[in-house]
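Peer 1: From the sequence below, what's the structure:
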Amino acid sequence: MFDFEPNNIINQDLRKIISAELPWQSLKDKKLCITGATGFLGSYLVKTFLALNESFNLNLRINCIVRDLNRIEKRLKYCSSKNNINFYESNIIEPLPLIVSESNFFIHAASIASPKYFGKFPIETLEANTIATYNILKNLKENYLEKFLYFSSGEIYGIQKNDNLQINEDSYGYLDHLQLRTCYAESKKMAENMCQSFSFEKNLKFSIVRPFHTYGPSIDLNDGRVFSDFVSDVINNQDIILKSAGHSKRSFCYISEATIGFLTVLLKGQNKEAYNIGNPTQNISMKDLASKIISIVPEKKL
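Peer 2: Residues are numbered from 1 along each chain as shown. Now for the predicted structure:
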């Protein structure tokens, strides 16, 4: 039985992911590069690729571009000693390692993704989503590349007339480009158009994933998003304080399910298409979410 690291929950997640009926053999002997490898979503992908290597003898070579090698200790501590994986420290708005141009599969998942931070660092947010995306696309070689997978965001849909309706890939709402926090959504939309533009002129094959609310082991409890805030309050023995009546609803997708979705798009997604990655069956109000999390520790209260 595959056993990758001491965290048994993550091990169970990895077993579930690699048991998905996907064409894993299409990764055999290939070179894959991923940015944002130490992020919440990216790190689960890295662990999955290593699990696939060990389980199916794929000989997939995994090149991870990270902003700070010290962050490997946080989420990928047990990965750096494995075979077929390399880490490169790079600011992705600067010239990139040569391994980029030789990638068969490229996953661009690096971005400031929390409202807490892209509201404070709008320039850095814009740079990661636009300049970095441009640099990567410019360096990819169509004769090597089989698929470029871009991590966009559900934020690109903006403000919806009915906040509780299910969002489809054509449910574009309203974005006020003069609002500071819109730097994230607007730059993600620009990056999506870059994918289309480079595909048109350079014939690069790409798919886009738009993750919605995702949670699971190793999520950053300080990133300012609602799930993290609620769990952090409970862990730190603080009461959860709702900033509204709590009637608005969001769908929350567990990380293993989201990862299967990402990999399905990577290996089976249509060229030039975008896919929402979420869980419409787990639609819950913020008040009910707070109550559910509190129920785990009964002595807590709203």
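Peer 1: And W24, how far from I107?
Peer 2: Plainly put, W24 is 16 Å away from I107 if you go by Cβ to Cβ, to the nearest Å. (C-beta placed from N, C-alpha, C; glycine too.)
Peer 1: isn't there a strand covering L52?
Peer 2: No. If the criterion is DSSP: H, G, I helix; E, B strand; the rest coil, then L52 is helix and not within a strand.
Peer 1: what's the neighbour count on it?
Peer 2: Using other Cβ atoms under 10 Å, the number of residues around L52 comes to 23.
Peer 1: now the one 3 residues further on
Peer 2: Around S55 there are 14 other residues, counting by other Cβ under 10 Å.
Peer 1: Next, find the distance separating it from S256.
Peer 2: Here the criterion is Cβ to Cβ. By it, S55 lies 15 Å from S256.
Peer 1: How about Y144?
Peer 2: Here the criterion is Cβ to Cβ. By it, Y144 lies 30 Å from S256.
Peer 1: These two - which one has more neighbours?
Peer 2: The neighbour comparison of Y144 against S256 (other Cβ under 10 Å) goes to S256, with 21 against 15.
Peer 1: ok, that one - contacts?
Peer 2: The contact partners of S256, taken as Cβ atoms under 8 Å, 6 or more residues apart in numbering, are D13, L14, K16, I17, Y44, G216.
Peer 1: wait, is it part of a helix?
Peer 2: Yes. The assignment for S256 (three-state DSSP) places it in a helix.
Peer 1: Grab the nearest non-local neighbour of it.
Peer 2: Residue nearest to S256 in three dimensions, not counting chain neighbours: D13, with 4.0 Å by Cβ to Cβ, 6 or more residues apart in numbering.
Peer 1: Count the neighbours of the one you found for me.
Peer 2: The criterion is other Cβ under 10 Å. On that basis, D13 has 23 neighbouring residues.
Peer 1: Check which helix or strand it maps to.
Peer 2: For D13, the enclosing helix or strand under DSSP states H and E is helix 8-18.
Peer 1: Mind checking what helix or strand follows that helix in sequence?
Peer 2: Moving toward the C-terminus from helix 8-18, the next element (DSSP H and E) is strand 31-35.
Peer 1: what lines up beside that following strand in the sheet?
Peer 2: When sheet partners are counted by DSSP bridges, strand 31-35 sits next to strand 61-66 (parallel), strand 105-108 (parallel).
Peer 1: Dump those into JSON lines; add distance to G224 and mean neighbour count as well.
Peer 2: Written out in JSON lines, the entries for the strands paired with strand 31-35 read as follows (distance: least, Cβ to Cβ, whole Å; neighbours: other Cβ atoms under 10 Å):
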{"stretch": "strand 61-66", "distance to G224": "22", "mean neighbour count": "24"}
{"stretch": "strand 105-108", "distance to G224": "23", "mean neighbour count": "26"}
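Peer 1: Of those, which is nearest C195?
Peer 2: Comparison of these against C195 by Cβ to Cβ identifies strand 105-108 as nearest, at 9.3 Å.
Peer 1: which residues are contacting the helix or strand just after that closest one?
Peer 2: Counting by DSSP H and E, the element after strand 105-108 in chain order, helix or strand, is helix 115-118. Around helix 115-118, the neighbours that count as contacts under Cβ under 8 Å, 6+ apart are I112, T125, R181, C183, Y184, N222, D223, G224, R225.
Peer 1: Return helix 115-118 as CSV; C-alpha atoms alone will do.
Peer 2: Output in CSV follows, covering the C-alpha atoms of helix 115-118 (Å, rounded to 0.1, in the frame of the first residue of the first chain):
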residue,chain,number,x,y,z
PRO,A,115,-8.1,38.6,-0.8
LYS,A,116,-6.1,39.3,2.4
TYR,A,117,-2.9,39.6,0.4
PHE,A,118,-3.9,40.7,-3.1
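Peer 1: Which neighbouring elements make contact with the helix or strand just after it?
Peer 2: Per DSSP H and E, helix 115-118 leads on to helix 122-126 as the next helix or strand towards the C-terminus. Secondary-structure packing of helix 122-126 (3 or more Cβ pairs under 8 Å, 6 or more residues apart in numbering; DSSP states H and E): helix 182-202.
Peer 1: from the chain's centre, how far out does the helix it packs on sit?
Peer 2: Chain-centre distance of helix 182-202: 17 Å, with Cα atoms, centre = their mean, to the nearest Å.
Peer 1: Same check on stretch 46-59?
Peer 2: Between the mean C-alpha location of stretch 46-59 and the chain-wide mean there is a distance of 19 Å, by Cα atoms, centre = their mean.
Peer 1: pLDDT averaged over that stretch, what's the number?
Peer 2: Mean pLDDT, computed over stretch 46-59, is 96.
Peer 1: Spatially central, which residue of the protein would that be?
Peer 2: Nearest to the mean C-alpha position of the chain, by Cα atoms, centre = their mean, lies L41 at 3.9 Å.
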